[in-house]
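Colleague: build me a model:
(chains A and B)
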2 protein chains.
Amino acid sequence: MRYINSAAFSKMEKRFRTTLINSLSGFKSVNLVGSISEQGVTNLSIVSSVVHLGANPALMGFVMRPVTVTRDTYNNIRQTGFYTFNHITTDIYKQAHQTSARYPAETSEFEAVELNAVFKENFPAPFVEKSPIQIGLEFKEQIDIKINGTILMIGEVKTIFVPEDCLAEDGFLSIEKAGSLTCSSLDSYHTTTQVGRLSYAKPGENIREL
Amino acid sequence: MRYINSAAFSKMEKRFRTTLINSLSGFKSVNLVGSISEQGVTNLSIVSSVVHLGANPALMGFVMRPVTVTRDTYNNIRQTGFYTFNHITTDIYKQAHQTSARYPAETSEFEAVELNAVFKENFPAPFVEKSPIQIGLEFKEQIDIKINGTILMIGEVKTIFVPEDCLAEDGFLSIEKAGSLTCSSLDSYHTTTQVGRLSYAKPGENIREL
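Modeller: Numbers count the residues shown, from 1 in each chain, chains lettered A, B, ... in the order given. Predicted coordinates for the structure are as follows:
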């Protein structure tokens, strides 16, 4: 195994370091964040930092840099209070990746990358029509992470649209069956193959495959 | 597609809701957190909430519930200031899952699930010997998420051990080649298959596969 320490990190070329460090956390969720400005311009941006925070209430967070390509998303969320997360499949992953380009605020990434926005069930923010798992959230709290200026945006899940045949009787939603991808580092996209589901673990008991 | 709203969430049976809501964020990173108490008892716990926070300095966070199975991990991190993240492969995923059982504080999960702890390069916290990607972190900051009592633990990457043949010339570390798994919901583990790496996106330019 190769041993690398933080002294070596600081000597690395910037892009090399960014690519490497982004690989370390493991496979990441990958979602398209849909939002709309007060002026009615829709926005779509790809994020790989969505994290589950709690089930009751249903809370999810994602990490945002304050002054980057995602600023439109930030402004829209703070202005309107609503946004969506939309899973990405092999069919749309190139378009999804393209939303990370720095389009001007007056350009809708939905139009620029040719992904259709849909509004439904009176939810105020746009969903990605081709996404198999669509999640509507209400903004709850912004946490400023002072150590590096990033922001944790916390929202409550208010509405979801999921494929009927991917929802098991115990509440397990097979995002693999739905075609959701995972990503690694900055730009690598992956399908998945289930190894197994495991039973609830207790000391002294053997876990079993469900 | 099936439409479910937050009013329906609150009527769901608790375990069903937890399983469903945990499925929504997408595929998750899955890591074993290694730590050691001031008394020298090692601890190992599985977490699916590790998130990249920044590359320079190299910062990673993970979400912790304040009074649950992970309290030993919390105490150890706050006492000693150091911990490790270790990726999980198909070879060890059942042992990794078993660490989520509620063992008493005086029990080392390393021993209980028969995963060997290793100390190396003077790093104060234990790594998982069989893990292909081992990350040593120094605790930096605890952020209390008041909305639901969870805690975001932030640490700086101080040292890593990675397979030499998985590190590309541009800094991309192929965690797929290393055998790292991803997980979904509470208990589902998955291998991955790379669809592609995509070039840096710019407005008006076609992205290409790397």
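Colleague: which residues of chain A fall in strands?
Modeller: A:2-5, A:31-36, A:42-47, A:51-55, A:58-64, A:82-87, A:117-118, A:127-128, A:134-145, A:150-162, A:182-184, A:188-197 (DSSP state E).
Colleague: can you list those in a markdown table and add mean neighbour count and distance to B:Asn31?
Modeller: Quick note: C-beta positions are derived from backbone N, CA and C, even for glycine. Formatted as a markdown table, those follow (neighbours: other CB atoms under 10 Å in any protein chain shown; distance: least, CB to CB, whole Å):
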| stretch | mean neighbour count | distance to B:Asn31 |
| --- | --- | --- |
| strand A:2-5 | 14 | 18 |
| strand A:31-36 | 27 | 20 |
| strand A:42-47 | 24 | 20 |
| strand A:51-55 | 23 | 13 |
| strand A:58-64 | 24 | 17 |
| strand A:82-87 | 26 | 22 |
| strand A:117-118 | 18 | 35 |
| strand A:127-128 | 25 | 29 |
| strand A:134-145 | 19 | 20 |
| strand A:150-162 | 22 | 19 |
| strand A:182-184 | 28 | 14 |
| strand A:188-197 | 19 | 16 |
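Colleague: ok, what's across the strand from the spatially most central residue of chain A?
Modeller: The structure's chain A has its C-alpha centroid closest to A:Asn31; by CA atoms, centre = their mean the separation is 3.1 Å. Here A:Asn31 sits in beta bridges with A:Val47, A:His87, going by DSSP bridges.
Colleague: before we move on, back to that, in a markdown table: the strands of chain A, plus mean pLDDT and distance to B:Lys94.
Modeller: Listed next are the strands of chain A as a markdown table, based on pLDDT from 0 to 100; distance: least, CB to CB, whole Å:
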| stretch | mean pLDDT | distance to B:Lys94 |
| --- | --- | --- |
| strand A:2-5 | 96 | 28 |
| strand A:31-36 | 98 | 29 |
| strand A:42-47 | 97 | 32 |
| strand A:51-55 | 97 | 22 |
| strand A:58-64 | 97 | 28 |
| strand A:82-87 | 98 | 27 |
| strand A:117-118 | 98 | 41 |
| strand A:127-128 | 98 | 36 |
| strand A:134-145 | 97 | 31 |
| strand A:150-162 | 97 | 28 |
| strand A:182-184 | 98 | 21 |
| strand A:188-197 | 98 | 8 |
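Colleague: ok so, going back, am I right that the residue nearest to the centre of chain A is in contact with A:Val50?
Modeller: Yes: if you go by CB atoms under 8 Å, A:Asn31 and A:Val50 touch, sitting 5.0 Å apart.
Colleague: who touches both of these two?
Modeller: When contacts are counted by CB atoms under 8 Å, 6 or more residues apart in numbering or on different chains, A:Asn31 and A:Val50 have A:62, A:85, B:25-26 as shared neighbours.
Colleague: of those residues, which is the nearest to B:Asn148?
Modeller: If you rank these by distance to B:Asn148 using CB to CB, B:Ser25 comes first, at 14.7 Å.
Colleague: the closest one - how many residues pack around it?
Modeller: Residues near B:Ser25, counting by other CB atoms under 10 Å in any protein chain shown, number 26.
Colleague: from B:Val118, how far off is it?
Modeller: 32 Å (CB to CB, to the nearest Å).
Colleague: do A:Gln95 as well
Modeller: Using CB to CB, A:Gln95 is found at 44 Å from B:Val118.
Colleague: again with A:Leu32
Modeller: 40 Å.
Colleague: could you do A:Leu44 as well?
Modeller: On the measure of CB to CB, A:Leu44 and B:Val118 end up 45 Å apart.
Colleague: repeat for A:Asn116
Modeller: Using CB to CB, A:Asn116 is found at 52 Å from B:Val118.
Colleague: go on, A:Ile147?
Modeller: Distance from A:Ile147 to B:Val118, by CB to CB: 29 Å.
Colleague: next: A:Thr89.
Modeller: Taking CB to CB, one finds A:Thr89 at 40 Å from B:Val118.
Colleague: also A:Glu114?
Modeller: Using CB to CB, we find A:Glu114 at a distance of 50 Å from B:Val118.
Colleague: cool, A:Arg102 as well?
Modeller: Look at A:Arg102 and B:Val118: by CB to CB, they are 44 Å apart.
Colleague: nearest spatial neighbour of A:Leu210, skipping sequence neighbours?
Modeller: Leaving aside its sequence neighbours, A:Leu210 sits nearest to A:Arg197 (CB to CB, 6 or more residues apart in numbering or on different chains; 4.1 Å).
Colleague: specify the beta-bridge partners of the one you found.
Modeller: Beta-bridge pairing for A:Arg197 (DSSP bridges): B:Ser188.
Colleague: now for it: which residues touch it?
Modeller: When contacts are counted by CB under 8 Å, 6+ apart, A:Arg197 touches A:172, A:209-210, B:187-189.
Colleague: nearest to A:Cys166 among the residues you listed?
Modeller: Closest approach between these and A:Cys166, by CB to CB: A:Phe172, at 9.0 Å.
Colleague: next, A:Pro126: phi, psi?
Modeller: Backbone geometry at A:Pro126, expressed as degrees, to the nearest 10, gives phi -80, psi 140.
Colleague: next, the contact list for the residue lying closest to it once chain neighbours are set aside, please.
Modeller: Excluding the flanking residues, the one nearest A:Pro126 by CB to CB, 6+ apart is A:Ala117, at 3.8 Å. The contact partners of A:Ala117, by CB under 8 Å, 6+ apart, come to A:34, A:42, A:44, A:108, A:110, A:126-129.
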